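> all I have is the shape, not the residue letters:
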């Protein structure tokens, strides 16, 4: 169980959640120290509704003059929590899909020293997964794999899950201004946490899909997500394997990245040349093409094995 000494702050981004947010606030556990409701220029004026109807002294409403996206709302809440002296900051959505009574499950691993950051995972229970729309299942599987590559957290799943908790010691050193402000926020923060070598754990939770309308459109986020993951993957590899360290894994990655494309390009050129002449390629030519491909793949698989085994496991102390 969570400690009464910890100041637990909860951030609730509010955008078109007018019909659900009051129920979310009414379910907030007693051990929560403060609740920051961030009205992200909500057209339904959910912030004014909260100020008018909420009698909870823990609730503080923050307003954006322009819409900044879910990431921008969370960052505003993070900054206020830092300013007010919170110890752990939890983020839940205001649309009723996230049960506030689960907050202890998210903060207890942090309080006990197991990790720095926890996030929800809706895929633990097979029966719960059956309730998910098929398109959401497929999209989440693809996004999860891309996030594993870009963030380096091979032990987590359901990367777009916004139910999270973070200890303030790590929050203080996070480059908040560099984080994505829109829907890529949850994936982007994992990359930043890996750079800090923070320990991340999944927390099983129920998947709830009611009649609320999602603001996320797959067609709008697909290319930005792909570009963001490619950028973060490149940065992570450079930071972890060439800037801050240089190991056998770094050599394996370099050799694989050179040999595999060399073998493929050389083989394609030789195949085209042989086809033009109407004669089969020699055994030596085939070997010169196949061997770099085989060895290159082996180098890359070895690097991948090393990378998977390098997931942060021990919490670090930040000055």
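Looks like it arrived, so ask away. Just so it is clear, the structure is predicted and the values come from calculations on it, not from any experiment.
> quick check: mean pLDDT of stretch 108-127?
Mean pLDDT, computed over stretch 108-127, is 90.
> who touches it?
In this structure, residues lying in contact with stretch 108-127 by CB atoms under 8 Å, 6 or more residues apart in numbering are 1-3, 6, 88, 98, 106-107, 128-129, 132, 140, 156-158, 161-167, 169-170, 186, 193, 198-207, 315. C-betas here are computed from N, CA, C, even on glycine.
> run the chain-centre distance for it.
When C-alpha coordinates are averaged (CA atoms, centre = their mean, to the nearest Å), stretch 108-127 and its chain have centres 13 Å apart.
> flag every buried residue along that stretch.
Applying a neighbour-count criterion of 16 or more other CB atoms under 10 Å, one finds 108-111, 115-124 buried in stretch 108-127.
> and which of those residues is nearest to residue 267?
residue 123 (39.8 Å; CB to CB).
> give me the distance between that closest one and residue 150.
19 Å (CB to CB, to the nearest Å).
> wait, residue 54 touches residue 24, no?
No - using CB atoms under 8 Å, residue 54 is not in contact with residue 24; the gap is 10.8 Å.
> for residue 200, which non-adjacent residue is spatially closest?
Nearest residue to residue 200 in three dimensions, chain neighbours excluded: residue 117, at 4.8 Å (CB to CB, 6 or more residues apart in numbering).
> kindly report the same for residue 77.
Here the residue nearest residue 77, using CB to CB, 6+ apart, is residue 11, at 3.2 Å.
> so what touches stretch 12-23?
With CB under 8 Å, 6+ apart as the criterion, stretch 12-23 contacts 24-25, 35-47, 49-50, 53-54, 67, 70, 73-74, 77, 91-96, 212-213, 215.
> what about the residues you listed, which are in helices?
In helices, judged by DSSP state H, the following of these are found: 24-25, 46-47, 49-50, 53, 70, 73-74, 77.
> and the residue nearest to residue 200, bridged to which residues?
Beta-bridge partners for residue 117, by DSSP bridges, are residue 166, residue 200.
> quick check, nearest of the ones in helices among the contacts of stretch 12-23 to residue 248?
Nearest to residue 248 among those is residue 74, at 38.4 Å by CB to CB.
> the closest one: how many residues sit nearby?
Neighbour count for residue 74, taken as other CB atoms under 10 Å: 28.
> which residues touch it?
11, 13, 38, 91, 185 are the contacts of residue 74 under CB under 8 Å, 6+ apart.
> who wins for neighbours among the residues you listed?
That'd be residue 13 among the contacts of residue 74, by other CB under 10 Å, with 30 neighbours.
> wait, is that residue part of a strand?
Yes - with DSSP: H, G, I helix; E, B strand; the rest coil as the criterion, residue 13 is part of a strand.
> distance of the closest residue to it other than its chain neighbours from residue 170?
Nearest non-adjacent residue to residue 13, counting by CB to CB, 6+ apart: residue 73, 3.6 Å away. Counting by CB to CB, the gap from residue 73 to residue 170 is 20 Å.
> who's more crowded, those two?
Relative neighbour count places residue 73 above the other of residue 73 and residue 170, with 29 against 21, counting by other CB under 10 Å.
> ok, and the closest non-adjacent residue to residue 236?
The nearest residue in space to residue 236 (CB to CB, 6+ apart) is residue 152, at 5.6 Å.
> er, residue 120 I mean
Excluding the flanking residues, the one nearest residue 120 by CB to CB, 6+ apart is residue 163, at 3.6 Å.
> how many neighbours does the residue lying closest to residue 160 once chain neighbours are set aside have?
Residue nearest to residue 160 in three dimensions, not counting chain neighbours: residue 186, with 5.4 Å by CB to CB, 6+ apart. Number of residues near residue 186 (other CB under 10 Å) recorded here: 24.
> what secondary structure does residue 186 sit in?
Following three-state DSSP, residue 186 is assigned to helix.
> is it in contact with residue 159, as I believe?
Yes - look at residue 186 against residue 159 with CB under 8 Å: they come within range, at 6.0 Å.
> pretty sure residue 62 is touching residue 36, no?
Yes - counting by CB under 8 Å, residue 36 is a contact partner of residue 62 at 5.9 Å.
> burial count for residue 88?
Counted with other CB under 10 Å, residue 88 comes out at 25.
> if we can go back for a sec, list the contacts for the residue nearest to residue 160?
Contacts of residue 186 by CB under 8 Å, 6+ apart are 119, 159-162, 164.
> now residue 312
194, 197-200.
> repeat that for 6 Å
197, 199 (CB atoms under 6 Å, 6 or more residues apart in numbering).
> can you read off the pLDDT for it?
93.
> so it is in which element?
For residue 312, there is no helix or strand it lies in under DSSP states H and E.
> quick one: it from residue 112, how far?
Distance from residue 312 to residue 112, by CB to CB: 17 Å.
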